[in-house]
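**Q** After the sequence you'll find the predicted model.
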Amino acid sequence: MVRGLFARCLMLVLCASRAVADRGVQPTEVTDESEEVVGMELHFTSELYDMNRSIGRSVTLSCSIMGTPPLNLFMYHDKIATFKQRNRRRLYDCDIVYDPEDPTKLKIVHVINEVEQHHSGIYKCQGESVDGSVIVSSGELSLTDPCEGVVCGFREKCLNHKGTDICSCDFECSEDAPVCAGGITYGSMCHLERAECRMGNYIGEEITEGACADGRLIFREVEPTEAGCSMSGEGHVTMFNGDYFTFKGNCPYLMAKDTRRGVFVAYARTEICGKDNAGVCLRSVTMYVDRIYGFSLERGWVINDNGRSRNVASGEDLSLGGGAVTITRAGKTLVGTIPKKGIMFYYDGLNYFKLSVPLDYVSSEKDFTGFCGPVPVDSLPSSGRDISSLGVDMPALGPNKEVCEPVYGATPCEDAELAGSLRTAFTENESLAACATVVPIAMFADRAVSDACSCADTSNNNYCFCNVLYSYIEECRQAGVKITETGTELCAKSYHKDVFKSEGITFNQFRRWKKN
């Protein structure tokens, strides 16, 4: 059988004897069996029929005929044919199913991906044979909106996702009529309702048209195109869906895995470290691509390429696994890309690592597993929730469950005065405030306070604070906000700054984390 060999549908099939005759060669003697074929009555072996489908789904229309060759078969949609006629210029993609061993049969298949309202109507199949016979089959395609009659939750709207109704807060807002609510200016009522949907509550009791009187920046939510999962500071994790938690563990843990045949897997190895084993640090991240190639990122910007230690200088591009992975350097951060999947990763050489997965790479929340959680396909919350007290399903991959079992929850700061000064230093820094409208700062401030208060390195008590500070600055850089040097004066003498200056070359002589 020959399927889909033609991009467009001109379905005129000539039998072998006629083709030979056109070249001036006498055809072979016609047998009784051939005479029976020539006399075959033209008829449909499969016809079009009426169907009702949801808008957004895929629809397949097909018909097949049998008769005396040569045969001609084409399809009409409200008098628009699926092949190019002299007086028609519209072309439809379709496939031909034709067996040269049996020229008495012919089939046409027309597939419409994600049907829209204009695809509805009457479709007709017309078959013709060499003896002048003509037959026609017809069917009506009716379309319905899957969201019709669907009742959603608070502020949710029903979205049509490939023909399936989904109630979500991730609806588009194209209006441009600012409103003021709760002291914040939103791009429109739609933007305000979407924010309320994601928060699960009303924002302010009074809504006024126009921007807020205090002149605060207009808040416009950007339609998400990717989901990120990161680790920073003392075991702080932000999941793909925006929720976050803190844990301490001493094993490699499954961070993220593409469950579709395991084409991407990432493990994060953490270890208990610091004085009195009071801290937790990210030892390495190991990734596997297409089950063929694996590599690790280790502390100090070291890239373990199948046992070979490699480094990337600023401005240099490094290709791994025959182009399966590319890594470059953006200032102090390694930036990696897995081109075929669109997955990106970022690593600052110490305790910050982030994975970014494009949403168009994910079709179901079941596609990704691991402690980063599923990649949401319907919505990304503007702010998540602390689920440290709930715990997360993190497979213990080490040999000893007692060693590998993680402990959840950040250490609270008992010194209220210190906590207040640390929070003020983080949230009231002018350079950081320039990014706060793009990357929420509260969660990072909480982490900085917790880590600085419980820091295992008493000789350099701003080390843990600066770890979180630099992770926030990197998140801002990825969001397109550049933090000036004045935003890092608190860490001018920190261990983290020294390591950055060393470019990883003299990493060991500065290393603080020493496992007891």
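**A** Yes, it's here.

**Q** Could I get the full set of strands for the stretch 101-250 of the chain?
**A** Under the criterion DSSP state E, counting those that start in this stretch, the stretch 101-250 of the chain contains strands at 105-112, 121-129, 134-144, 157-161, 164-168, 179-181, 184-186, 207-209, 218-219, 226-232, 236-238, 244-248.

**Q** Including mean neighbour count, could those go into JSON lines?
**A** C-beta: built from backbone N, CA, C; applies to glycine. Listed next are the strands of the stretch 101-250 of the chain as JSON lines, based on neighbours: other C-beta atoms under 10 Å:
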{"stretch": "strand 105-112", "mean neighbour count": "19"}
{"stretch": "strand 121-129", "mean neighbour count": "20"}
{"stretch": "strand 134-144", "mean neighbour count": "15"}
{"stretch": "strand 157-161", "mean neighbour count": "18"}
{"stretch": "strand 164-168", "mean neighbour count": "17"}
{"stretch": "strand 179-181", "mean neighbour count": "21"}
{"stretch": "strand 184-186", "mean neighbour count": "23"}
{"stretch": "strand 207-209", "mean neighbour count": "12"}
{"stretch": "strand 218-219", "mean neighbour count": "17"}
{"stretch": "strand 226-232", "mean neighbour count": "23"}
{"stretch": "strand 236-238", "mean neighbour count": "25"}
{"stretch": "strand 244-248", "mean neighbour count": "22"}
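
**Q** looking at those, which has the lowest confidence?
**A** Ranked by mean pLDDT, these end with strand 218-219 at the bottom, a mean of 47.

**Q** which residues sit in contact with the residue nearest to Gly183 when sequence neighbours are not counted?
**A** Spatial nearest neighbour of Gly183, chain neighbours left out: Cys212 (6.1 Å); criterion: C-beta to C-beta, 6 or more residues apart in numbering. For Cys212, the contacting residues are Cys180, Gly183, Ile184, Thr185, by C-beta atoms under 8 Å, 6 or more residues apart in numbering.

**Q** about what we covered before: for the strands of the stretch 101-250 of the chain, which one sits closest to Gly321?
**A** strand 226-232 (22.1 Å; C-beta to C-beta).

**Q** Direction included, what does that closest one pair up with?
**A** With DSSP bridges as the test, strand 226-232 is paired with strand 236-238 (antiparallel), strand 353-358 (antiparallel).

**Q** export these to TSV and tack on distance to Phe368?
**A** Shown next, in TSV, are the strands paired with strand 226-232 (distance: least, C-beta to C-beta, whole Å):
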stretch	distance to Phe368
strand 236-238	15
strand 353-358	7
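
**Q** Nearest approach to Gly67 belongs to which of these?
**A** Judged by C-beta to C-beta, the one of the strands paired with strand 226-232 that comes nearest to Gly67 is strand 353-358, at 49.9 Å.

**Q** Going along the chain from that closest one, find the next helix or strand for me.
**A** With elements assigned by DSSP states H and E, the helix or strand that comes after strand 353-358 is strand 368-369.

**Q** Which other helices and strands does that next one contact?
**A** With contacts taken as 3 or more C-beta pairs under 8 Å, 6 or more residues apart in numbering; DSSP states H and E, strand 368-369 sits against strand 252-258.

**Q** Residues contacting the strand it packs on, please?
**A** 229, 231, 240, 264-270, 285-286, 341, 355, 357, 367-372, 394-398, 404, 406.

**Q** in it, what counts as buried?
**A** Pro252, Tyr253, Leu254, Met255, Ala256, Lys257, Asp258 (16 or more other C-beta atoms under 10 Å).

**Q** quick one: low-confidence parts of this protein?
**A** By pLDDT under 70, the weakly predicted segments of the chain are 1-38, 79-93, 214-224, 262, 274-276, 314-315, 377-384, 389-403, 456-462, 484-516.

**Q** Please, where are all the helices along the protein?
**A** With DSSP state H, the ranges of helices along the chain come out as 16-22, 32-38, 189-199, 401-404, 416-427, 430-436, 442-453, 463-478, 495-502, 507-510.

**Q** Quick one: distance of the longest one to the chain centre.
**A** For helix 463-478, the distance from its own C-alpha centre to the chain's C-alpha centre is 24 Å (C-alpha atoms, centre = their mean, to the nearest Å).

**Q** so what secondary structure elements neighbour it?
**A** By 3+ C-beta pairs under 8 Å, 6+ apart, helix 463-478 packs against strand 226-232, strand 353-358, helix 416-427, helix 430-436, helix 442-453, helix 495-502.

**Q** would CSV of the ones you listed with distance to Pro70 be doable?
**A** Below are these laid out as CSV (distance: least, C-beta to C-beta, whole Å):
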stretch, distance to Pro70
strand 226-232, 53
strand 353-358, 49
helix 416-427, 79
helix 430-436, 70
helix 442-453, 71
helix 495-502, 75
